[in-house]
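Asker: Provided below are the primary sequence and the corresponding predicted coordinates.
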Amino acid sequence: MPKLTIDGVEIEVEAGTTVLQACERLGIEIPRFCYHDRLSIAGNCRMCLVEVSPGPPKAQASCALPVADGMTVKTDSPMVRKARRGVMELLLINHPLDCPICDQGGECDLQDQAMAYGGDKSRYREEKRAVADKYLGPLIKTCMTRCIQCTRCVRFMTEVAGVPELGAVFRGEHMEITTYIGQALDSELSGNLVDLCPVGALTSRPYAFMARPWELHKTESIDVLDALGCAIRVDSRGGQVLRVLPRLHEEVNEEWISDKTRHACDGLRVGRLDTPYVRRGGTLRPASWAEAFAAVAEKLKTVKPEKIAVIAGDLADCEAMMALKDLTDDLKVVHRDCRQDGAFLDPNVPAAYRFNTTIAGIEMADALLLVGTNPRREAAVLNARIRKRWVTGALKVAAIGEKVNLTYPVAWLGTGPQTLKAIAEGRHPFGSVLKGAQRPMLILGQGALARSDGAAILGLSRVLAETSGMVREDWNGFNVLHTAAARVGGLMLGFVPGEGGRDGRAILDGAGKGEIGFVYLLNADEIDTGALGKAFVVYQGHHGDAGAKRADVILPGAAYTEKNALYVNTEGRVQSTQRAVFPPGEAREDWKIVRALSETLGRPLPYDSLEGVRARLVAVDPAFAAIAQGPAVAAWGIFGDPAVAIDAAPFAASITNFYGTDPISRASKTMAECVAEMNGRREHGGTGTYG
């Protein structure tokens, strides 16, 4: 490995390392605008100049210069300081003095580096240039006069998002960053451009002029609008969440988040349930907590346990599901489920419902089969990780299901379970590809499992994993991709039918036939509420969505930004949200509501603190003690039934509207604008893929 000297300190680094990266190893700050460690090297801004010897008698761009043995680097010599001042002067020639009205103010790399490395005067007397703003969609506000042509946005859209719709036109001083097609960006990751832009050229349109960064209270938390559990930072002021930003988490989301994660937060401010309601005379009327609990208790006295059912929704936290399961166990209730969509998942074998490879493990796979899933809609950040692996040239991807644009080449093998069965039985050529791979992977989506033949699909997938070498001591390529943040946690807790109990579909069927007389919905809004018939419905949640409209009693809960709660992501990683703001009005944390209800029913739960609930979680599954740690390896077992007859129908998408998968995003004005934009683009012949 080459050895070099940087500011008098000798360091040894791997061959191919750039001078900038070597300086960072020593903790030496090198200013930059165009360089980003997750994007290709462009060498546009020239701000990272250093003095190198032996070499030409001029400063050189450290981001594009590989290290060499015996090289001597100076990062703060008079030549370097003068060169950086000159570069900064040139960058500021056309940059407008917008800092007082720019949303990037206080978080602007150009501001910071102008202070640290720039001069104290400008020699430029000519008029500054002006550039027309570009329309990039409802999420990104542009002021292209501020652009310094670093091309970070262009490289991100092309390399990471896989949607090459941004580029540069013209040359020299007339160069502009623009869309090739003059329409909104067709990407579910476009909001990351705002974080990447080092100046105020690209800012958040929904957040425009709302606050300055020093006014915000910052809370580290996780996202629950899909099943990845991306690390986020919730910025709030007073009692309102104003924005959501990504946090670095290499094993889950690196530093990216989806547009829904970032921009659906305005849905937290509208359509909220802030007081209990009880239906009287056919109309829901505000009530006190005591009145709401009394109405529930009175109804339960008249209903036998075999006619009571419970459904946990996609946003339910583990503490609430644990408390509700304990209460229903005490009431001898066996009809319950955490699978709103009716997906067939075996709760007895953890490896049967987890993303066993782990999200980061995708980067080691060399063959991938997608079954009944569209990861671009169901887990946008995970889809970017698949693309990242494909870009290296080491990943072959094939899929069974609806043909869509996944941002990387895919061999579409078929649309239904017949193709999966042919591969599992060795009658399809892609089977030899999987067997010949060093680390083959299979990703099974909810679109394949939420069918009448879900048990057969799960069983065929298990057989395929076993016969193609996916399951070994050092590798498990069998993966289930969930779309609900509550799903894996619910399965771990056993929030599934008890002996002789009904699952989600059977509960709805029984309610419609009058066989189920009492249904408790815990954040459950993705079911057909019209199928509940004349059953008495209790809805516990935070938005006036489908479940609340059908309810006879409403118990207002807290959203994920308003409580300290545990969720388990699709790979089995236990993570915690942190309270950024308090719930509105009379709303309370979900487990506390269940605990208070148990007191009214005369069956108090044996815990009355968050620590007590979590101790109960650990008693049920010790994995809940490992918060924010990597998931433990799940033991393999027998699950599914490949002998069950399969349905010839093609796999249907589990998510048809990326921007409206939950009560929060459906209440969001920004998400509604995204739906309208993408629908309009599709109607006009664009490449929009979201309805």
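Answerer: Received, thanks. Residues are numbered from 1 along each chain as shown.

Asker: Output stretch 332-350 as PDB, restricted to C-alpha atoms.
Answerer: Once non-C-alpha atoms are left out, stretch 332-350 reads as follows in PDB (Å, rounded to 0.1, in the frame of the first residue of the first chain):
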ATOM      1  CA  LYS A 332     -60.300 -15.600  26.400                       C
ATOM      2  CA  VAL A 333     -60.400 -14.000  22.900                       C
ATOM      3  CA  VAL A 334     -58.800 -16.100  20.100                       C
ATOM      4  CA  HIS A 335     -59.900 -14.100  17.000                       C
ATOM      5  CA  ARG A 336     -57.000 -11.600  16.300                       C
ATOM      6  CA  ASP A 337     -54.600 -10.800  13.600                       C
ATOM      7  CA  CYS A 338     -51.900  -8.300  12.700                       C
ATOM      8  CA  ARG A 339     -52.100  -9.100   8.900                       C
ATOM      9  CA  GLN A 340     -54.700  -6.700   7.600                       C
ATOM     10  CA  ASP A 341     -54.000  -7.700   4.000                       C
ATOM     11  CA  GLY A 342     -54.500 -11.400   4.700                       C
ATOM     12  CA  ALA A 343     -50.900 -12.400   3.800                       C
ATOM     13  CA  PHE A 344     -50.000 -16.000   4.700                       C
ATOM     14  CA  LEU A 345     -47.000 -15.800   7.000                       C
ATOM     15  CA  ASP A 346     -46.000 -18.500   9.500                       C
ATOM     16  CA  PRO A 347     -45.400 -16.900  12.900                       C
ATOM     17  CA  ASN A 348     -43.800 -20.100  14.300                       C
ATOM     18  CA  VAL A 349     -40.700 -19.800  12.100                       C
ATOM     19  CA  PRO A 350     -39.100 -16.300  12.300                       C
END
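
Asker: Contact partners for Glu589?
Answerer: 319-320, 557-558, 562-563, 565, 583 (CB atoms under 8 Å, 6 or more residues apart in numbering). Any C-beta I mention is one placed from the backbone N, CA and C, and that applies to glycine too.

Asker: Quick check: it vs Cys338, distance?
Answerer: As defined by CB to CB, to the nearest Å, Glu589 lies at a distance of 19 Å from Cys338.

Asker: and if you look at Ala290?
Answerer: As judged by CB to CB, Ala290 and Cys338 stand 29 Å apart.

Asker: what does Arg237 give?
Answerer: The span separating Arg237 from Cys338 equals 35 Å under the rule CB to CB.

Asker: what about those two, which has more around it?
Answerer: Cys338 (30 against 15; other CB atoms under 10 Å).

Asker: Now for the nearest residue to that one once chain neighbours are set aside: which residues touch it?
Answerer: Using CB to CB, 6 or more residues apart in numbering and skipping the chain neighbours, the partner closest in space to Cys338 is Gly490 (2.9 Å). Listed by CB under 8 Å, 6+ apart, the contact partners of Gly490 are 312, 316, 318, 321, 338-339, 496.

Asker: Go ahead and confirm Ala61 touches Cys48.
Answerer: Yes. Taking CB atoms under 8 Å as the definition, Ala61 is a contact partner of Cys48 at 5.7 Å.

Asker: Which of the two has more residues huddled nearby?
Answerer: Comparing Ala61 with Cys48 by neighbour count (other CB under 10 Å), the higher total belongs to Cys48, at 26 against 23.

Asker: tell me which element Lys435 falls in.
Answerer: Taking DSSP states H and E as the criterion, the element that holds Lys435 is helix 430-436.

Asker: name the helices or strands packed onto that helix?
Answerer: For helix 430-436, the helices and strands in contact under the criterion 3 or more CB pairs under 8 Å, 6 or more residues apart in numbering; DSSP states H and E are strand 367-371, strand 396-400, helix 417-424, helix 454-467.
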